[in-house]
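> Got a predicted model here, sequence first, then my questions.
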Amino acid sequence: MKPRKTRKIKIGSLTIGGDSSVAVQSMTATRTQDLEATAKQIKILEEAGADVIRIAVDSDKDVEALRELRKNSDAVFSVDLQENYRLAPIVAPLVNKIRYNPGHLYHLEKDKTIREKVEFIVQAAKDHECAIRIGVNCGSIDPDYKERFAHDELEGMVQCAIDHCAMLDELEFVNYCVSLKDSDSQKVIEANRRFADLRPDVPLHLGVTEAGLPPEGVIKTRIAFEQLISAGIGDTIRVSLTLPDDEKGQEIDVGREILKDIDEGRFRSVPENFLEGLNIIACPSCSRVENGKFVELAQEVRKLTKYAEKYKLTIAVMGCRVNGPGETDDADLGLWCGPTHVNLKEGPKGLGAFTYDEILGKLKLEVDRLISEKFSEPVAK
C-alpha cells in the first residue's frame, strides 16, 4: 500500500492526513431539531467508534438544537451548512469542522461573490479553530462549473475543488480537506485520482454518495476505497448506506472492516456482472429527510424491481428536496421524497408527484415501459 503524502490537519482532538490512521465518520440521519432521536443516534455512532459525527443545520432552530446536543457529547462534531452559509459564525463554537458545498453557495445573497462567502466561512473557522471540508458533490455542482465543463462533469468537480483550495490558501487557511463524491464508484475513483495528482498535499475525505442498501452499497463503496486507499489516496472515509436509524452504526463497522482488509492485503473480488443489470442508488438518509418512510420506500423499490434485475437501468431513490432533484437527473427513473408526496422523474423530466401509497404502482408502470422501449422486450406478467 502506497504511503499517503497529504499534510496533517486537526479536527478537534483528531488528526488526519499524512501517516495518521484513516478516520471513519458518519452522519446523523434524524431531524436535528428532534433532540431525543438525534441524541440517540449520536450515542449509537459514538458506541460504534465513529471518529467524526456530522450533523446538518439549515436554520437558527437547528443551531439551537445543536447547542443542546453538544452539551451532552464530547464527540468530534462536523457541521453540514447545507444551503445557509450565514450560519457559520454561530455554529463554529459548537463544532470541530465546518463542511460547505461549493454548489450551494450561490443560493443566498446572490449580490455577493463566491469568494466573499468563502471568506466569511473561513473567518468563522479561524475564530473558533475549526477545520473546513470543501465538499463537492456530483448532484449539486456549482452552476458555473457545470456550464463550463459540460463536456466533462468530473473535470468540473475537480476544478471547482482546486479553485476553492486556492481561495483558502490565499486566505492563509490550511486546516482543510476536500471531498469529491458521486454515486458511481468509478467516477469517485477517477475524480479523486485527478485531484490527488494536482494537489497531493490536501487531505481527502472519501465516499460513494447514495451507495444505497446493503449489500450492494457496501460493494460499491469497497470498490472505490480499495482502489484509492491502496494507492495512498484517502485520509478519512464515510460509508453511506440506506439503513434504519437504529442501525446507523453499521456504517462505522463496514468502514473499519474495509480498512482492515485493505491494510492486511485482502481485496475482495467484485461479483461477476455486478452492476451490469439493474442499479438502485439511494441516499443514506440525513436530517433533511422530511418523511421517515424514505428508507422503507427504498427497500420496497428493491423488492418491487427484482424482476427487472437483468436490465441495465438505474433507479435513484433520494430522501430530500436539497439533493434529490439534481442527483436523480442521471438516473433512468428517479424518486425524490417530500413530506407527503414522492416526485417521480425520467432523467431530468418530471413525471408527477404521487403519494407514498401510489408511488410503487406508478414506478412499476414506468419500469415496464422502459424495458419495453429500451430492450424491445415484453415484461413477463
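Yes, it's here.
> which one is V188 nearest to, not counting chain neighbours?
A224 (4.5 Å; C-beta to C-beta, 6 or more residues apart in numbering). Every residue, glycine included, has its C-beta placed from N, CA and C.
> count of neighbours near that neighbour?
For A224, the neighbour count with other C-beta atoms under 10 Å is 26.
> for the record, mean pLDDT for the helix or strand containing it?
Using DSSP states H and E, A224 maps to helix 216-229. Regarding helix 216-229, the rounded mean pLDDT is 92.
> repeat for stretch 300-311
Mean pLDDT, computed over stretch 300-311, is 91.
> how about that stretch as CSV, C-alpha atoms only?
Extracted as CSV, the C-alpha positions of stretch 300-311 are listed here (Å, rounded to 0.1, in the frame of the first residue of the first chain):
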residue,chain,number,x,y,z
GLU,A,300,-39.7,-1.7,-1.2
VAL,A,301,-38.3,-0.4,-4.5
ARG,A,302,-35.6,-3.1,-4.5
LYS,A,303,-38.2,-5.8,-3.8
LEU,A,304,-40.6,-4.4,-6.4
THR,A,305,-38.0,-4.3,-9.2
LYS,A,306,-36.4,-7.7,-8.5
TYR,A,307,-38.0,-9.0,-11.7
ALA,A,308,-36.0,-6.4,-13.7
GLU,A,309,-32.6,-7.3,-12.4
LYS,A,310,-31.2,-8.3,-15.8
TYR,A,311,-32.0,-5.0,-17.5
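> coming back round to it: please identify the pairing partners of the helix or strand following the helix holding A224 and their relative orientation?
Following helix 216-229 in sequence order, the next helix or strand is strand 236-238 (DSSP H and E). Neighbouring strands of strand 236-238 in its sheet, by DSSP bridges, are strand 23-27 (parallel), strand 204-207 (parallel).
> Can you list the buried residues in the last one?
By neighbour count on 16 or more other C-beta atoms under 10 Å, the buried set for strand 204-207 is 204-207.
> With just CA atoms, put it into PDB.
Taking Å, rounded to 0.1, in the frame of the first residue of the first chain, the C-alpha atoms of strand 204-207 are listed here in PDB:
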ATOM      1  CA  LEU A 204      -9.100  13.700   1.100                       C
ATOM      2  CA  HIS A 205     -12.400  12.500   2.600                       C
ATOM      3  CA  LEU A 206     -13.700   9.600   0.500                       C
ATOM      4  CA  GLY A 207     -17.200   8.400   0.000                       C
END
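> what about C320, which SS state?
coil (DSSP: H, G, I helix; E, B strand; the rest coil).
> That one - how many residues pack around it?
C320, neighbours per other C-beta under 10 Å, totals 22.
> Would you confirm that it contacts C337?
Yes: C320 is in contact with C337 according to C-beta atoms under 8 Å; the separation is 6.9 Å.
> Roughly how far does R4 sit from K40?
35 Å (C-beta to C-beta, to the nearest Å).
> nope, P339 is what I was after
For P339, the distance to K40 - C-beta to C-beta - is 22 Å.
> Those two: which is more packed in?
K40 (16 against 8).
> host element of the more buried one?
Assigned by DSSP H and E, K40 falls in helix 35-48.
> Now the element after that helix, going C-ward?
strand 52-56.
> Tell me which helix or strand comes right after that following strand.
In N-to-C order, the element after strand 52-56 by DSSP H and E is helix 60-71.
> List the buried residues for that following helix?
Buried, per 16+ other C-beta under 10 Å, within helix 60-71: 62-63, 65-66, 69-70.
> packing partners for it?
helix 35-48, strand 52-56, strand 77-80, helix 88-91 (3 or more C-beta pairs under 8 Å, 6 or more residues apart in numbering; DSSP states H and E).
> For the third one, which strands pair with it and how are they oriented?
It stands for strand 77-80. When pairing is defined by DSSP bridges, strand 77-80 lines up against strand 52-56 (parallel), strand 97-100 (parallel).
> Run through who's touching it.
Strand 77-80 has contacts (C-beta atoms under 8 Å, 6 or more residues apart in numbering) with 11-12, 25, 27, 52-57, 66, 70, 91, 94-99, 133, 135, 286.
> switch to 6 Å and redo it
52-57, 91, 95-99 (C-beta atoms under 6 Å, 6 or more residues apart in numbering).
> And for the second one?
When contacts are taken as C-beta under 6 Å, 6+ apart, the neighbours of strand 52-56 outside the stretch itself are 25, 27-28, 32, 42, 45, 75-80, 82, 286-287.
> ok, of those residues, which one's closest to S183?
Closest approach to S183 among the contacts of strand 52-56 (C-beta to C-beta): C286, at 15.0 Å.
> picking up where we left off before, residue contacts, the residue nearest to V188?
A224 makes contact with 185, 188-189, 208, according to C-beta under 6 Å, 6+ apart.
> Separate out the buried members of these.
Applying 16+ other C-beta under 10 Å to the contacts of A224 flags 185, 188-189, 208 as buried.
> Redo those as JSON lines? Include pLDDT and distance to I359.
Converted to JSON lines, these look like this (pLDDT from 0 to 100; distance: C-beta to C-beta, whole Å):
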{"residue": "S185", "pLDDT": "93", "distance to I359": "27"}
{"residue": "V188", "pLDDT": "96", "distance to I359": "29"}
{"residue": "I189", "pLDDT": "95", "distance to I359": "33"}
{"residue": "V208", "pLDDT": "95", "distance to I359": "25"}
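> can you pull out the helices in the protein?
Per DSSP state H, the chain carries helices over the ranges 35-48, 60-71, 88-91, 114-127, 143-148, 153-170, 185-198, 216-229, 250-263, 294-304, 324-327, 359-375.
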